[in-house]
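Colleague: When you get a sec, could you give me coordinates for this:
(one chain, ligands or ions: 1)
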Amino acid sequence: MLQLYMPLNFLGVLYREIKQSLADIEKLFSLLDQNQDIADSAEAKPLLITAQNGAEIRFAHVDFSYESNRQILFDIDFTIPAGTTTAVVGHSGSGKSTLSRLLFRFYDIQSGCISIAGQDLRGVTQASVRAAIGIVPQDTVLFNDTIEYNIAYGKPGATKDEIIAVARAAYIHEFIETLPDGYNTMVGERGLKLSGGEKQRVAIARTLLKNPSILIFDEATSALDSRSEQMIQAQLKEIARSRTSLVIAHRLSTIIDAGQILVMDKGRIIERGTHQDLLAQQGAYAQMWERQQSSGNDVGEEDGSTPSA
Ligand code: ATP
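Modeller: As a prediction, the model looks like this:
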């Protein structure tokens, strides 16, 4: 009994940790096919996304609390039209990652509705929602296996040509070619340690291979030199092309082209618009922009006080 309990208990701990960090969702799903907290309804149907209509994401008047005594999101209302990019910015703790957790339906909301392609998440199977979403997390956990395996994980049975094509698109192919065993180099905790940026590029290649309709890009908070920043901008453009994308951003310079930017503060959307619209409003976003331009800090490094609009 204990023998059975231990691994199950371990999986429970792993599940909670990964759910919180969004660190390596695909790994989680391979271990636990069932979400423990949220069950599919008996009538749940697979999410249907057609090439014609695409995957519009809609949050309609969403209120949410993790615990009953503390509300985290207040009347969150926005639409990401199919094939476009929406970026979310705001201080640490303002609720940005919670939006992505809810899109995966790790939790059910207290009021309002979240839908993809017009289908309420509560009425579709979780497996089909997961299959439709690709995530590039802040901190990618690599398997103790070859770099090829780590990329191919995005699409079981992928050919070598497909793997090389996505590695090129993610600007990691040339780096891999310099490694002693090329694509067969062992990486992960027990292999070659990759830098944060290299790991993120592996995650991008993996996601390109998965080819999801929806992309969540959780930008790393670590400081970057301007060359790496330009590279991330180029990669983001590549990976977000023709997908419905939600970008959780820390550096405003990476999202100036986003179709829509949502500014969050203490669980509310306080401003919204394009980069130009928001600068013209001269509110919280314009202040953050000015501060980042002068200090090079990301949003999360600021003092966390309410930006005065
Ligand atoms: P950051 O930029 O630091 O990642 P964020 O804007 O993404 O922050 P969230 O992670 O969405 O913020 O957290 C929003 C609020 O919800 C925070 O106050 C946090 O403490 C709270 N919170 C997050 N996860 C949980 C949880 N599992 N249980 C209870 N409260 C939580």
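Colleague: For the residue nearest to the spatial centre of the chain, which residues are in contact?
Modeller: The centre of the chain sits closest to Ile216, judged by Cα atoms, centre = their mean, with a distance of 3.0 Å. Residues near Ile216 by Cβ atoms under 8 Å, 6 or more residues apart in numbering: Leu22, Ser100, Leu103, Ile133, Gly134, Ile135, Val136, Ser245, Leu246, Val247, Ile248. From N, CA and C alone the C-beta is placed, and that goes for glycine too.
Colleague: any idea how far it lies from Glu67?
Modeller: 24 Å (Cβ to Cβ, to the nearest Å).
Colleague: Same question for Gln110.
Modeller: From Gln110 across to Glu67, the span is 11 Å (Cβ to Cβ).
Colleague: Those two: which has the busier surroundings?
Modeller: Relative neighbour count places Gln110 above the other of Gln110 and Glu67, with 13 against 7, counting by other Cβ atoms under 10 Å.
Colleague: and that one, what does it touch?
Modeller: Asp63, Phe64, Ser65.
Colleague: Name the nearest of these relative to the ligand.
Modeller: Lowest distance from the ligand to the contacts of Gln110 (Cβ to the nearest ligand atom) belongs to Ser65, with 8.3 Å.
Colleague: Does Ala39 fall in a helix, a strand, or a coil region?
Modeller: coil (DSSP: H, G, I helix; E, B strand; the rest coil).
Colleague: Tell me, how many residues neighbour it?
Modeller: Count around Ala39 with other Cβ under 10 Å applied: 10.
Colleague: Against Tyr285, how distant is it?
Modeller: 39 Å.
Colleague: for stretch 127-137, the distance to its chain's centre please.
Modeller: 9 Å (Cα atoms, centre = their mean, to the nearest Å).
Colleague: end to end, how far does it reach?
Modeller: End-to-end distance for stretch 127-137: 19 Å, by Cα to Cα, to the nearest Å.
Colleague: ok, is that stretch in contact with the ligand or not?
Modeller: No: shown here: stretch 127-137 not in contact with the ligand (Cβ under 6 Å from any ligand atom), separated by at least 11.3 Å.
Colleague: what is the mean pLDDT for that stretch?
Modeller: Stretch 127-137 shows a mean pLDDT of 90 in the predicted model.
Colleague: same deal with stretch 153-169?
Modeller: 91.
Colleague: Now render the contacts of Ile216 as CSV, adding neighbour count, secondary structure and distance to Glu174.
Modeller: Converted to CSV, the contacts of Ile216 look like this (neighbours: other Cβ atoms under 10 Å; DSSP: H, G, I helix; E, B strand; the rest coil; distance: Cβ to Cβ, whole Å):
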residue, neighbour count, secondary structure, distance to Glu174
Leu22, 21, coil, 29
Ser100, 20, helix, 31
Leu103, 20, helix, 33
Ile133, 24, strand, 29
Gly134, 26, strand, 23
Ile135, 26, strand, 25
Val136, 28, strand, 20
Ser245, 24, strand, 26
Leu246, 26, strand, 29
Val247, 22, strand, 25
Ile248, 22, strand, 28
